[in-house]
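Peer 1: My questions are about this predicted structure, shown below with the sequence.
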Amino acid sequence: MAEIAVTVVIGRLLSLLTEEAILLRGVHTAVEDIRRDLSYFQAFLKDADAKAEKGDTFSHGLKTWVQELRETAYSIEDLVDEYIHHFANRPRRSGSIFDFLCKVSCLVAKLKPRYEIASKVKDLKLKMGKLKEESSSYGFISSFEQGSGDTNNVPWHDPRVTSLFIEEAEIVGIESPKGELINWLVEGAEERTVISVVGMGGLGKTTLAKKVYDNKKVVDRFVCRAWIAVSQSFKMEMVLQNMIKQFYKAMKEPIPEGMDAMNVRVWRIKGSRVVITTRNVEVGCAIRESRFHHVHNLQPLTPGTSLELFCKKAFQGSCCPPELEKISNDIVKRCAGFPLAIVAIGGALSTKQKNELEWQRFNDSLGSQLESNPHLASITKILSLGYNDLPHFLKPCFLYCAVFPEDYSINCSKLIRLWVVEGFVKGEKGVSLEQRAEEYLNELIHRSLVQLLEVDYVGKIRRCKVHDLMREIILKKAEELSFCHVLGDEDSSLNGNFRHGSVQKGTNTSAVETINRKAQIRSLLLFDAVPMFFTGISFTNFKLLKVVDFEDAPLYSVPEDLGNLFHLRYLSLRRTKVKMLPKSIGKLQNLQTLDLKHSPVEGLPVEITKLKKLRHILAYSYHSTPETCRSCVMWRQIMGGLIEELGKLRQLRRLGIVNLMEEDGPSMCASISNMKYLESLGIVSKDDGILNLQTVLDPSRYLRYLVLQGGLSRLPDWLSVLRSLVGVSLINSRLSYDPMEVLQALPNLSWLFLSNAYCGDCFCFTELGFQKLKVLYLYDMKGLKTLKIHEGALPILERLGIQPSPQMEVPSEIRLLKNLTRIDFWGMPREFTFSMRPQHAQNYHIFEHVPNVFFHEFHADGPKIQSLR
């Protein structure tokens, strides 16, 4: 299990040798020798890790050797970062005597650390030589000699990946229990009824419950619903408050003030239904206080349904080839009917060659433990195999998921950015690190090691999670590897070392003391941290820290010594109370991500332009207003005088500006032209004035999301060349001509939001226009009367929303849009809605093919929603 440490360190040494050659004067040869030795070890580490896991005669000595190699690799990484920290800020060459004396003084001051580091390099080189001698006694097999077992080293990038995510919810073998649960929910007595779904971990209890929860009969039966994830350390008050908040959200009503302090009593609501999923039989049976209680003991899948599910994952829905039928049945038998195990094994095999020898080799590696223990231990072993079978570049990415709490909904964009700054993602020419990391995530999902929670309108993965059993497995592995450790209420002390620390519910001083003792720590992520944590942490102790995540923390100011973290690459102040950034932010020369979303920070200091490696500035908030029932993007203001300087941030991926004045438009365009990797751009004019953005000469070809709020005399000419655009929002543009002529030619546009964007009376959707558009919102177009939709336009449109357009005529061409699944009308005239009612039949036939048509009206007591049917 030293493979991860060695792989990461080799990457660091290669970067150091190629990019920092001048720094290595005196130790360059020694560093190159160490890198060469590590590469030698890397070729054997897969076999070494496999042997260390087995209980053979080599086990004890081999495990000790692997552990020493891992610790040595970590020591090398520490030494590399320490060296860069001391010598990166070299004096610049200059002709003045004063500068020369400063340079000499600086070099003298660094003589001692240079000598100490050179001595450490010499010691590490000797240690590597000793480890190399010892390695010959273990009879390792090089990874290059292991045949085709690593054919999965290429990240999965299937063009059908989005549809695969959606279809995965249709898991086999649950129709019978699903029907029973639905019947219990929609039928029966008008009393509060509790249904417990009980079974072993991995049997699919949550999948079954989610299918029932989303079933149309259940949705129609209840006014509101709530989906609650309850961890082992939950508080009943918070669970009930969360549930009630979801109820208000479902009913489109504002949450009452003081909700968090309210004494909640909702358990006895008449006619309500409560469904509980649990691995613990005692929990399921503890509620038998009432006769209105049902327990469903979920059983393993039958052999037939198990094989069906296996083939669905392993062969992507195709039939099993005859030559693989016997081995497939053998593998399915060993999975013992547990869906999670079947999906994980099938996902792993789907990336391997479809030959019997390859699959037999995979089957043989399962061992005898599976048949002897069909319960949780057997699932653990199978899921561990899913981890062990990962290519080396995916293992640290997957282990890193253990830093998040149990049942945590992981923001995929955040996870990808963290992988990048931690150095887990290998660069490739023509592909950004973020794109490569997204491929990594796709493969983990495809292997069913990570569960998909949310996909957006363009098929982008938004949220994911790790199954609780799998998280326990990888957390244990991560701690064994000294890779990461979780500090919480019950476990807040640790004697060993670790690279990545996760503070979860750290309410006592021992967690602070533990962190302060770990000078070699690379990452610090906080979850539910308390104020006392920040007063006890001294960041001067952490010279090698790369990641600091304060998200949701009760933090009111940035620690003063944070600017001394030379290696810091990721800083998140998302949803903190911080209002201002210190000027020392400019000292963070390696910072790549600065996350200020939903924080009260209103401006950035001019020193931000010194950060040449900055890739992401996330600095905006979303506000929902009942008047519009939509999400508005409110971008934070960049302080005056910085518009020209922004062009120096050439690595920037996302940028948002508010209060842009018309006369600053040309400068803004010049800066945007320099941002060749920009993926998301949002610009809001001052007081909804004019946006002067015509002169962007060379926009980023990677631009996918564009938000423009403010007056436009015409659409920017450069917009028509953005072939990667998938989402566009035009707000208060007040165009005098129909913008659809330009927008409908964008080849990849999937989502379009127009609010007060057009002053005319007709939108025209021509033949072959908007070939990939799935979502269209037309808001606040007061003069809009007609929608002309030609045959062949909007062929895959799924969702349409129209907000107050008093003169709007019923668009008869809606009948041409065969893929529409939902239409929402807001505040439309009574005559408009009346003509569409089934009993009047005047215009009902136009919308008859659309399964969901809703009318939203605003009243003094809150919004009201009515369905067409």
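Peer 2: Yep, it's here.

Peer 1: Kindly list the longest helix within this structure.
Peer 2: For the chain, the helix with the greatest residue count under DSSP state H is helix 59-87.

Peer 1: distance between that helix and the chain's centre?
Peer 2: Taking Cα atoms, centre = their mean, to the nearest Å, one finds helix 59-87 lying 30 Å from the centre of the chain it belongs to.

Peer 1: elements contacting that helix?
Peer 2: Applying 3 or more Cβ pairs under 8 Å, 6 or more residues apart in numbering; DSSP states H and E, we find helix 59-87 packed against helix 3-19, helix 28-53, helix 111-135. (Each C-beta comes from the backbone N, C-alpha and C, glycine too.)

Peer 1: Buried residues in that helix, which are they?
Peer 2: Within helix 59-87, the residues that qualify as buried are 62-63, 65-67, 69-70, 72-87, counting by 16 or more other Cβ atoms under 10 Å.

Peer 1: Also stretch 544-561?
Peer 2: Neighbour-count burial for stretch 544-561 flags 544, 545, 546, 547, 548, 549, 550, 551, 553, 555, 558, 559 (criterion: 16+ other Cβ under 10 Å).

Peer 1: Low-confidence regions, the stretch 151-300 of the chain specifically.
Peer 2: For the stretch 151-300 of the chain, the stretches with pLDDT under 70 are 151-171, 200-202, 231-234, 259-269, 279-291.

Peer 1: Kindly recompute the last result at 90.
Peer 2: Low-confidence segments of the stretch 151-300 of the chain (pLDDT under 90): 151-180, 183-211, 213-215, 218-300.

Peer 1: What ranges does it have for its helices?
Peer 2: Using DSSP state H, counting those that start in this stretch, the helices of the stretch 151-300 of the chain run over residues 161-167, 175-186, 205-213, 216-221, 236-250, 281-285.

Peer 1: I'd like to know which of these is closest to residue 470.
Peer 2: Closest approach to residue 470 among the helices of the stretch 151-300 of the chain is made by helix 205-213 (13.0 Å; Cβ to Cβ).

Peer 1: can I get the CA coordinates of the closest one in CSV?
Peer 2: C-alpha atoms of helix 205-213 as CSV (Å, rounded to 0.1, in the frame of the first residue of the first chain):
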residue,chain,number,x,y,z
LYS,A,205,-32.6,-0.6,1.0
THR,A,206,-32.0,3.0,0.0
THR,A,207,-32.4,2.3,-3.7
LEU,A,208,-35.7,0.7,-3.0
ALA,A,209,-36.9,3.5,-0.7
LYS,A,210,-35.9,6.1,-3.3
LYS,A,211,-37.8,4.4,-6.1
VAL,A,212,-40.9,4.3,-3.9
TYR,A,213,-40.4,7.9,-2.8
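
Peer 1: Can you get me a residue count around residue 123?
Peer 2: Using other Cβ atoms under 10 Å, residue 123 has 12 neighbouring residues.

Peer 1: now stretch 429-436: how far from the chain's centre is it?
Peer 2: Taking mean C-alpha positions (Cα atoms, centre = their mean), stretch 429-436 and its chain are 17 Å apart.

Peer 1: Could I get the buried residue list for it?
Peer 2: Buried-residue list, stretch 429-436, by 16+ other Cβ under 10 Å: 432, 433, 434, 436.

Peer 1: returning to that earlier point: most tightly surrounded among the helices of the stretch 151-300 of the chain?
Peer 2: Comparing the helices of the stretch 151-300 of the chain by mean neighbour count (mean count of other Cβ atoms under 10 Å), helix 205-213 ranks first with a mean of 19.

Peer 1: now the angle from that helix to helix 175-186?
Peer 2: Helix 205-213 and helix 175-186 are oriented at 60 degrees to each other (axes from the mean of the first three to the mean of the last three Cα atoms, to 10 degrees).

Peer 1: For helix 205-213, which outside residues touch it?
Peer 2: Contact with helix 205-213 is made by 169, 171, 174, 177-178, 181-182, 185, 197-199, 218, 225, 227, 275, 277-279, 298, 339, as judged by Cβ atoms under 8 Å, 6 or more residues apart in numbering.

Peer 1: close enough to count as contact, residue 185 and residue 271?
Peer 2: No. Counting by Cβ atoms under 8 Å, residue 271 is not a contact partner of residue 185; they are 11.0 Å apart.

Peer 1: Just name the lowest-scoring one in the buried residues of stretch 429-436, pLDDT-wise.
Peer 2: Within the set of these, pLDDT is lowest for residue 432 (82).

Peer 1: quick one: it and residue 677 touch, right?
Peer 2: Yes. In this structure, residue 432 is within contact of residue 677 by Cβ under 8 Å, at 6.5 Å.

Peer 1: Common neighbours of these two, please.
Peer 2: The contact sets of residue 432 and residue 677 overlap at 653, 702 (Cβ under 8 Å, 6+ apart).

Peer 1: How about the contacts made by the residue nearest to residue 665 when sequence neighbours are not counted?
Peer 2: With sequence-adjacent residues excluded and distances taken as Cβ to Cβ, 6 or more residues apart in numbering, residue 665 is closest to residue 692, at 2.9 Å. Residues near residue 692 by Cβ under 8 Å, 6+ apart: 662, 663, 665, 666.
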